[in-house]
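Engineer: Structure here, sequence nowhere to be found:
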Ligand code: PMP
């Protein structure tokens with residue numbers, strides 16, 4: 001497939017008008033729309049075309065949703081088939097052939113040990129609702145309310161809904177250190193840093209005076225996405241599995257972003273070989289349409305009927321699109337492809353850092369890639385044994401790079417604790433040629449942003 005070159009900016013009244021009306025009518029809380037002033041009108045694979053006629057390579061992929069890119073033929077065909085069959089599109093949580101096929105396909109991809117003994121709960125269609133369900137489930141099964149979560153974690157936005165409905169609001173979360181190589185909180189980095197993080201977790205749980213009551217569950221992301229693309233070391237994942245198992249704490253793997261081949265294995269927990277008690281799944285499992293589920297060990301299935309209700313838990317089109325996506329990723333070895341192509345892209349980006357001291361760190365797993373931009377001239381902020389000192393993050397440079405990427409026809413996302421991590425989440429169907437184009441455009445954008453005067457002007461305090 002030919003790589004699309006960015007077309008010259010065309011004056012487009014429709015494009016300008018839509019953006020102007022959006023700014024006037026939509027909420028101040030809108031997010032992506034602020035930094036990406038694009039009006040998508042057509043999309044195929046990795047390419048989005050705007051109302052102004054410009055074309056972009058999309059490395060945001062609906063925040064990691066579009067495993068097969070936009071409008072993949074197998075996804076469109078699956079959707080059309082349901083529509084043409086006359087099947088109902090809305091059925092609450094009733095059984096249908098479409099749902100049955102989706103569940104069968106999903107279970108075929110799960111770690112065997114879990115699949116052989118799993119239950120599935122269809123949730124409201126956002127990842128955050130499935131996270132709520134996982135908490136409710138594990139609390140009901142354990143009779144405990146406390147939760148364990150990690151620094152830098154992102155699991156969704158729905159904390160208040162239950163409280164406003166008069167539900168239990170006494171959930172306390174103990175925050176534990178997530179291992180970070182580049183900015184290790186213990187000044188160690190690498191295996192040693194991960195080892196200290198695991199030791200601290202174990203110590204807190206066993207110290208009768210730690211102030212941490214016995215928790216219902218521990219929730220973790222195998223690779224933190226929004227937190228800045230931090231892959232959890234496999235050894236640390238296994239330690240978390242042992243620690244939770246030994247203390248009868250349910251382990252919830254939030255694979256909302258890491259699932260469906262993204263990190264180089266079908267599910268990211270496969271890298272470490274652990275089998276969690278609960279998996280939270282959304283984004284790519286709906287094949288670009290909204291769908292969220294939890295799958296869990298059947299022994300945990302102790303919550304009562306209606307414990308996690310919701311009107312939109314039966315989206316037939318999403319189930320059909322999702323089943324087609326899961327099957328396509330499995331049959332075409334797209335997880336392995338993500339692993340090899342991602343490693344190649346990471347190596348090329350790491351090579352760039354030789355000429356760009358503002359690239360502090362390049363990290364990731366498969367096609368979940370992060371480039372942390374720093375201000376190399378400023379006083380170091382963190383010291384790690386492996387990397388020496390880490391300069392402070394440079395969010396202004398990252399924002400400038402994002403805009404320069406856009407000018408070059410490349411959509412990237414920012415993330416990380418200081419919004420200084422340029423994130424790449426391309427579709428798993430990305431060609432070699434497109435991967436090269438992504439890195440070339442990003443390198444070019446970085447050069448331009450580094451040269452530009454607005455970098456320092458806009459910088460302000462970076463810590
Ligand atoms: N968990 C993880 C790991 C996520 O990345 C996200 C979304 N970025 C969520 C949960 C929440 O999903 P949603 O936005 O669909 O509620």
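Structural biologist: Nice, I can see it. Note that the structure is predicted; figures quoted are calculated from it, not measured. Residues are numbered from 1 along each chain as shown.

Engineer: element containing residue 53, please.
Structural biologist: Assigned by DSSP states H and E, residue 53 belongs to no helix or strand.

Engineer: and if you look at residue 325?
Structural biologist: Using DSSP H and E, residue 325 maps to helix 316-331.

Engineer: which helices and strands does the helix or strand immediately after that helix in the chain pack with?
Structural biologist: For helix 316-331, the succeeding helix or strand toward the C-terminus, using DSSP H and E, is helix 334-352. Under the contact definition 3 or more Cβ pairs under 8 Å, 6 or more residues apart in numbering; DSSP states H and E, helix 334-352 sits against strand 359-365, strand 368-373, helix 432-451. In short, each C-beta sits where N, CA and C put it, glycine included.

Engineer: Out of these, indicate the one that is most buried.
Structural biologist: The highest average neighbour count among these, using mean count of other Cβ atoms under 10 Å, belongs to strand 368-373 at a mean of 28.

Engineer: partners of that one in the sheet?
Structural biologist: strand 359-365 (antiparallel), strand 421-424 (antiparallel) (DSSP bridges).

Engineer: List the contacts of the residue of the chain found nearest the ligand.
Structural biologist: Per Cβ to the nearest ligand atom, residue 127 is where the chain lies closest to the ligand, at 2.4 Å. Taking Cβ atoms under 8 Å, 6 or more residues apart in numbering as the criterion, residue 127 is in contact with 155-156, 254, 256, 280, 282-283, 292.

Engineer: Residue 252 - that's part of a helix, no?
Structural biologist: No: judged by DSSP: H, G, I helix; E, B strand; the rest coil, residue 252 forms no part of a helix; its state is strand.

Engineer: Include distance to residue 230 and mean pLDDT when you put the strands paired with strand 368-373 into CSV, please.
Structural biologist: Converted to CSV, these look like this (distance: least, Cβ to Cβ, whole Å; pLDDT from 0 to 100):
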stretch, distance to residue 230, mean pLDDT
strand 359-365, 7, 97
strand 421-424, 9, 98
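
Engineer: and residue 227, which of those strands is closest to it?
Structural biologist: For residue 227, the closest of the strands paired with strand 368-373 is strand 421-424, at 8.8 Å, according to Cβ to Cβ.

Engineer: Which residues does the closest one contact?
Structural biologist: Contacts of strand 421-424 (Cβ under 8 Å, 6+ apart): 59, 225, 228-229, 345, 364, 367-373, 393, 398, 401-402, 405, 412-416, 438, 442.

Engineer: Can you give the domain ranges for this structure?
Structural biologist: Split into domains by automatic domain parsing, the chain comes to 13-64+336-451, 73-331.

Engineer: ok, back up a step: touching the ligand at all, the helix holding residue 325?
Structural biologist: No: if you take Cβ under 6 Å from any ligand atom as the test, helix 316-331 misses the ligand, and the best it gets is 12.3 Å.

Engineer: need the contact list for the residue most central in space within the chain.
Structural biologist: Closest to where the C-alpha atoms of the chain average out (Cα atoms, centre = their mean) is residue 257, at 3.0 Å. Residues in contact with residue 257 (Cβ under 8 Å, 6+ apart) are 63-64, 221, 223, 225-226, 283, 368, 425.

Engineer: Okay, and it sits in which element?
Structural biologist: Here residue 257 sits in a region with no helix or strand, counting by DSSP H and E.

Engineer: What parts of the protein come near the ligand?
Structural biologist: Neighbours of the ligand within the chain, by Cβ under 6 Å from any ligand atom: 63, 126-128, 131, 154-156, 221, 225-226, 254, 256-257, 282.

Engineer: Now for those: which two are most distant?
Structural biologist: 126 and 221 (16.2 Å).

Engineer: So for those two, which sits in the more crowded spot?
Structural biologist: Neighbour count, other Cβ atoms under 10 Å: between residue 126 and residue 221, residue 221 has more, with 26 against 19.

Engineer: low-scoring pLDDT stretches of this protein, where are they?
Structural biologist: Within the chain, the segments meeting pLDDT under 70 span 1-11, 167-170, 383-387, 453-463.

Engineer: now with 50?
Structural biologist: Scanning the chain with the threshold set as pLDDT under 50 gives 1-8, 460-463.

Engineer: And stretch 124-143, what's buried?
Structural biologist: Going by neighbour count (16 or more other Cβ atoms under 10 Å), the buried part of stretch 124-143 is 124-142.

Engineer: just checking, which of those residues belong to helices?
Structural biologist: Among the buried residues of stretch 124-143, the residues falling in helices (DSSP state H) are 127-142.

Engineer: can you pull the contacts of the nearest residue to residue 297 once chain neighbours are set aside?
Structural biologist: Leaving out its chain neighbours, the residue that sits closest to residue 297 by Cβ to Cβ, 6 or more residues apart in numbering is residue 277, at 5.1 Å. By Cβ under 8 Å, 6+ apart, the contact list for residue 277 reads 138, 217, 244, 250-252, 296-297, 300.

Engineer: The same query, at a cut-off of 7 Å, please.
Structural biologist: 250-252, 296-297, 300 (Cβ atoms under 7 Å, 6 or more residues apart in numbering).

Engineer: Residue 165 too?
Structural biologist: Counting by Cβ under 7 Å, 6+ apart, residue 165 has no contacts.

Engineer: repeat for the one 10 residues further on
Structural biologist: Contacts here follow Cβ under 7 Å, 6+ apart; on that basis residue 175 touches 149-151.

Engineer: can you tell me the helix or strand for it?
Structural biologist: Counting by DSSP H and E, residue 175 is part of strand 173-176.

Engineer: Just the buried positions in that strand, please.
Structural biologist: Buried, per 16+ other Cβ under 10 Å, within strand 173-176: 174, 176.

Engineer: Show me the two of the ones in helices among the buried residues of stretch 124-143 that sit farthest apart.
Structural biologist: Farthest apart among these by Cβ to Cβ are 127 and 142. That separation is 22.6 Å.

Engineer: how far is the helix or strand hosting residue 48 from where the chain is centred?
Structural biologist: Element membership of residue 48, judged by DSSP H and E, is strand 47-50. In terms of Cα atoms, centre = their mean, to the nearest Å, the centre of strand 47-50 is found 22 Å from the chain centre.

Engineer: hmm, back to that, between the strands paired with strand 368-373, which one is nearest to residue 199?
Structural biologist: Short answer: strand 359-365, nearest of these by Cβ to Cβ, at 22.9 Å.
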